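S.K.: fold the following.
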Amino acid sequence: MNEELINEEELDDAEELVTIATTNDLVEAEMLESQLAAQGFEVFLADDNLVGVMNLLANAIGGIKIKVPESQAEEATKFVEDYRNAEIVYDDEEVDTDDV
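M.R.: Residues are numbered from 1 along each chain as shown. Next up is the predicted model:
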(Lines give C-alpha, C1' and ligand atoms only; values in the text may rest on other atoms or scores of the structure.)
Protein backbone atom coordinates (compact mmCIF):
# COMPACT_ATOMS: atom_id res chain seq x y z
CA MET A 1 0.00 0.00 0.00
CA ASN A 2 1.07 3.52 -0.67
CA GLU A 3 1.84 5.23 2.67
CA GLU A 4 1.07 8.62 1.16
CA LEU A 5 -2.55 7.64 0.55
CA ILE A 6 -3.30 6.25 4.01
CA ASN A 7 -1.85 7.68 7.18
CA GLU A 8 -2.94 5.43 10.05
CA GLU A 9 -2.24 8.12 12.67
CA GLU A 10 -4.70 10.44 10.95
CA LEU A 11 -7.30 7.67 10.84
CA ASP A 12 -6.89 7.05 14.58
CA ASP A 13 -7.26 10.76 15.35
CA ALA A 14 -10.28 11.16 13.08
CA GLU A 15 -13.50 12.01 14.87
CA GLU A 16 -16.44 9.66 14.44
CA LEU A 17 -19.15 10.85 12.06
CA VAL A 18 -22.74 10.75 13.26
CA THR A 19 -25.94 10.92 11.25
CA ILE A 20 -27.89 14.08 12.07
CA ALA A 21 -30.63 13.76 9.44
CA THR A 22 -31.86 11.54 6.62
CA THR A 23 -33.82 12.20 3.46
CA ASN A 24 -34.93 10.24 0.41
CA ASP A 25 -34.54 13.33 -1.79
CA LEU A 26 -31.11 13.91 -3.35
CA VAL A 27 -31.84 17.60 -3.96
CA GLU A 28 -32.78 18.15 -0.31
CA ALA A 29 -29.65 16.31 0.82
CA GLU A 30 -27.44 18.49 -1.36
CA MET A 31 -29.22 21.65 -0.19
CA LEU A 32 -28.69 20.67 3.44
CA GLU A 33 -25.06 19.80 2.73
CA SER A 34 -24.54 23.22 1.13
CA GLN A 35 -26.29 25.13 3.93
CA LEU A 36 -24.40 23.26 6.65
CA ALA A 37 -21.07 23.82 4.90
CA ALA A 38 -21.88 27.53 4.54
CA GLN A 39 -22.39 27.65 8.32
CA GLY A 40 -18.94 26.15 8.84
CA PHE A 41 -19.90 22.54 9.55
CA GLU A 42 -17.83 19.68 8.18
CA VAL A 43 -20.55 17.69 6.42
CA PHE A 44 -20.65 14.42 4.48
CA LEU A 45 -23.40 12.60 2.60
CA ALA A 46 -23.69 8.82 2.76
CA ASP A 47 -25.57 6.71 0.21
CA ASP A 48 -26.28 9.76 -1.94
CA ASN A 49 -24.84 8.14 -5.07
CA LEU A 50 -26.89 4.98 -4.62
CA VAL A 51 -30.14 6.88 -4.03
CA GLY A 52 -29.33 9.18 -6.96
CA VAL A 53 -29.00 6.21 -9.31
CA MET A 54 -31.61 3.87 -7.82
CA ASN A 55 -34.16 6.04 -6.02
CA LEU A 56 -36.40 3.04 -5.40
CA LEU A 57 -33.81 1.71 -2.94
CA ALA A 58 -33.97 4.84 -0.75
CA ASN A 59 -36.40 3.35 1.78
CA ALA A 60 -34.59 0.02 1.87
CA ILE A 61 -31.23 1.57 2.79
CA GLY A 62 -32.60 4.26 5.08
CA GLY A 63 -32.27 7.15 2.68
CA ILE A 64 -29.39 9.57 2.29
CA LYS A 65 -27.61 10.17 5.58
CA ILE A 66 -26.30 13.64 6.42
CA LYS A 67 -23.28 13.19 8.69
CA VAL A 68 -21.09 15.52 10.70
CA PRO A 69 -18.30 14.99 13.24
CA GLU A 70 -19.64 14.07 16.67
CA SER A 71 -18.45 17.36 18.21
CA GLN A 72 -20.64 19.33 15.75
CA ALA A 73 -23.69 17.06 15.86
CA GLU A 74 -25.83 18.89 18.41
CA GLU A 75 -25.45 22.31 16.80
CA ALA A 76 -25.81 20.92 13.26
CA THR A 77 -28.98 19.01 14.22
CA LYS A 78 -30.53 22.19 15.57
CA PHE A 79 -29.58 24.03 12.37
CA VAL A 80 -31.23 21.34 10.20
CA GLU A 81 -34.39 21.37 12.35
CA ASP A 82 -34.60 25.17 12.13
CA TYR A 83 -33.94 25.04 8.38
CA ARG A 84 -36.63 22.42 7.77
CA ASN A 85 -39.16 24.25 9.95
CA ALA A 86 -38.46 27.73 8.58
CA GLU A 87 -41.48 29.71 7.51
CA ILE A 88 -41.55 30.81 3.89
CA VAL A 89 -42.24 34.52 3.64
CA TYR A 90 -43.62 35.79 0.37
CA ASP A 91 -43.34 39.35 -0.83
CA ASP A 92 -46.73 41.06 -0.46
CA GLU A 93 -46.30 43.05 -3.63
CA GLU A 94 -48.06 41.51 -6.58
CA VAL A 95 -46.27 41.39 -9.91
CA ASP A 96 -48.07 43.18 -12.74
CA THR A 97 -48.22 40.58 -15.50
CA ASP A 98 -48.63 43.29 -18.13
CA ASP A 99 -45.03 44.36 -17.51
CA VAL A 100 -43.66 40.86 -18.06
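
S.K.: Lys65 is in what secondary structure piece?
M.R.: In this structure, Lys65 is located in strand 64-69 according to DSSP states H and E.

S.K.: by mean pLDDT, point me to the weakest helix or strand of this structure.
M.R.: Lowest on mean pLDDT, DSSP states H and E among the helices and strands of the chain sits helix 8-13, with a mean of 55.

S.K.: note down every partner strand of the next helix-or-strand element following that helix and its orientation.
M.R.: Heading C-terminal from helix 8-13, the first helix or strand you meet, by DSSP H and E, is strand 17-23. Strand 17-23 has these partner strands in its sheet, going by DSSP bridges: strand 64-69 (antiparallel).

S.K.: quick one: contacts of the partner strand?
M.R.: For strand 64-69, the surrounding residues in contact (CB atoms under 8 Å, 6 or more residues apart in numbering) are 15-26, 29, 32-33, 36, 41-48, 51, 58, 76, 80. The C-beta positions use only the backbone N, C-alpha and C, and glycine is treated the same way.

S.K.: of those residues, select the buried ones using a PyMOL command.
M.R.: Buried residues among these (16 or more other CB atoms under 10 Å), as a PyMOL selection:
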select buried, resi 17+18+19+20+21+22+23+26+29+32+33+36+41+43+45+46+47+48+51+58+76+80
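
S.K.: separation between the nearest residue to Ile20 once chain neighbours are set aside and Asp91?
M.R.: Leaving aside its sequence neighbours, Ile20 sits nearest to Thr77 (CB to CB, 6 or more residues apart in numbering; 4.6 Å). Taking CB to CB, to the nearest Å as the measure, Thr77 falls 31 Å from Asp91.

S.K.: before I go, just wanted to say thanks for your time.
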